[in-house]
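Novice: the following block contains a protein sequence and its predicted model.
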Amino acid sequence: MERILGVNTWVWTSPLTDASLKEVAAHVASLGFDAIELPLEHLGDWDAAAAREILAHHTLTPVIIGTMPPGRSLVDASPQEISATQDYLRGVVDAAATLGAATVAGPFHAVTGRTRAMGDPEREAAYLQLRSSLAPLVDHAAARGVTLAIEPLNRYETSLVNTVDQAFDALEPLLGPGLGLALDTFHLNIEERDIAASVARAVGHIAHVQVSGNDRGTVGADHFDWHGFLHALDLAGYAGPLCVKSFTGANDSLAVAASIWRPLASTQDALAADSLGFLRNLQSGGLR
């Protein structure tokens, strides 16, 4: 199945702004990508109406990415923090609707970095609270024609939702219009014992897919079974974009958050362009 291919602007810059978006969107289009992931780290970082015009000019399909830094959580937080997080996510959904983005993806469960041992009763209580906090947001997203795509993270970034099975444990009653799953190969590679089986488990609920080398570097310059993964997505019927996700080490806060301690490619442009070339070749049957 031929899917459109995109890239996250975090490959080059953070935070994204109106000024940087204009430059990065043109660059992404010049590299040959069809889609672009736009992180909205804080409401107001960039204007959705203006972004819509920029992306239309370059014929780029948009996806919005949300973040969960300190001060944002839907579980194990004060009512004020949960309410503020809900307000942020409503704002991101509204930006997506204005932009014309069908999907808002991210780890929308707890603050990234929430790691501690949890017994079954505590986990069940956290999942119950997560569903309660998410329910009005799912309704809001569905009403705006947007899907929230919840991303399981690896064990070093959260102890709440690491696997597709755990995502179903946490979210299954809410999955449907307005809520799906975001799969990121970096996290799948760490946490899933059988990646193809995990993709099959998520059939019907895969709202977005992000791809990177197992070291967060170039797609294809790694040990990941890319042919098997794309075949699993074919069997699952996923027809959405594949978006390259990596991070620049030039932004200190982003580098620390993503643990980018060394260059992952000769240049950021090479990481993006080589990933795109590999995926295009793979989708056309050129690599097995």
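Specialist: Cool, the structure landed.

Novice: okay, CA-based contacts and neighbour counts for the rest of this
Specialist: Will do.

Novice: ok, Gly237 to Glu172 distance?
Specialist: Between Gly237 and Glu172 the computed distance is 19 Å (CA to CA, to the nearest Å).

Novice: typed the wrong thing, it's Thr61
Specialist: Counting by CA to CA - Thr61 and Glu172 are separated by 28 Å.

Novice: in the stretch 51-200 of the chain, which spans are helices?
Specialist: In the stretch 51-200 of the chain, the segments counted as helices under DSSP state H, counting those that start in this stretch are 79-99, 120-143, 164-171, 185-191, 195-201.

Novice: after the last one, next one along is what?
Specialist: Read that as helix 195-201. Going down the chain from helix 195-201, the next helix or strand is strand 206-211, by DSSP states H and E.

Novice: would you give the sheet partners of that next one, along with the direction of each?
Specialist: In the sheet, strand 206-211 lines up against strand 179-184 (parallel), strand 242-244 (parallel) (DSSP bridges).

Novice: in the helix or strand just after it, what's buried?
Specialist: Counting by DSSP H and E, the next helix or strand C-terminal to strand 206-211 is helix 226-236. The neighbour-count check on helix 226-236 (16 or more other CA atoms under 10 Å) flags Trp226, His227, Leu230, Ala232, Leu233, Asp234, Ala236 as buried.

Novice: quick one: contacts of the lowest-mean-pLDDT helix or strand in the chain?
Specialist: Ranking every helix and strand in the chain by mean pLDDT, DSSP states H and E puts helix 252-258 at the bottom, with a mean of 80. Contacts with helix 252-258, where a contact means CA atoms under 8 Å, 6 or more residues apart in numbering, come from Ser14, Phe247, Thr248, Gly249, Trp261.

Novice: ditto for stretch 118-137
Specialist: 74-76, 82, 86, 89-90, 109, 159-160, 169-171, 174.

Novice: greatest separation within the residues you listed: which pair is it?
Specialist: By the measure CA to CA, Arg90 and Ser159 form the most distant pair in those, at 24.8 Å.

Novice: separation between the residue located most distally from the centre of the chain and Tyr127?
Specialist: Within the chain, the residue lying farthest from the chain centre (CA atoms, centre = their mean) is Pro121, at 28.7 Å. Applying CA to CA, the value for Pro121 to Tyr127 is 10 Å.

Novice: do the same with Phe278
Specialist: When Phe278 is compared with Tyr127 (using CA to CA), they lie 38 Å apart.

Novice: the more surrounded of these two?
Specialist: Tyr127 (22 against 18; other CA atoms under 10 Å).

Novice: so what does Val28 look like in phi/psi?
Specialist: Here is the backbone geometry of Val28 (degrees, to the nearest 10): phi -60, psi -40.

Novice: can you report how many residues neighbour it?
Specialist: Using other CA under 10 Å as the criterion, the residues surrounding Val28 number 22.

Novice: ok, it - contacts?
Specialist: If you count contacts by CA under 8 Å, 6+ apart, then Val28 has Val7, Ile36 around it.

Novice: and it, how far from Gln268?
Specialist: Using CA to CA, one obtains 12 Å as the distance from Val28 to Gln268.

Novice: could you find the closest non-adjacent residue to His109?
Specialist: Of all residues not flanking His109 in the chain, Leu74 sits nearest, at 5.5 Å (CA to CA, 6 or more residues apart in numbering).
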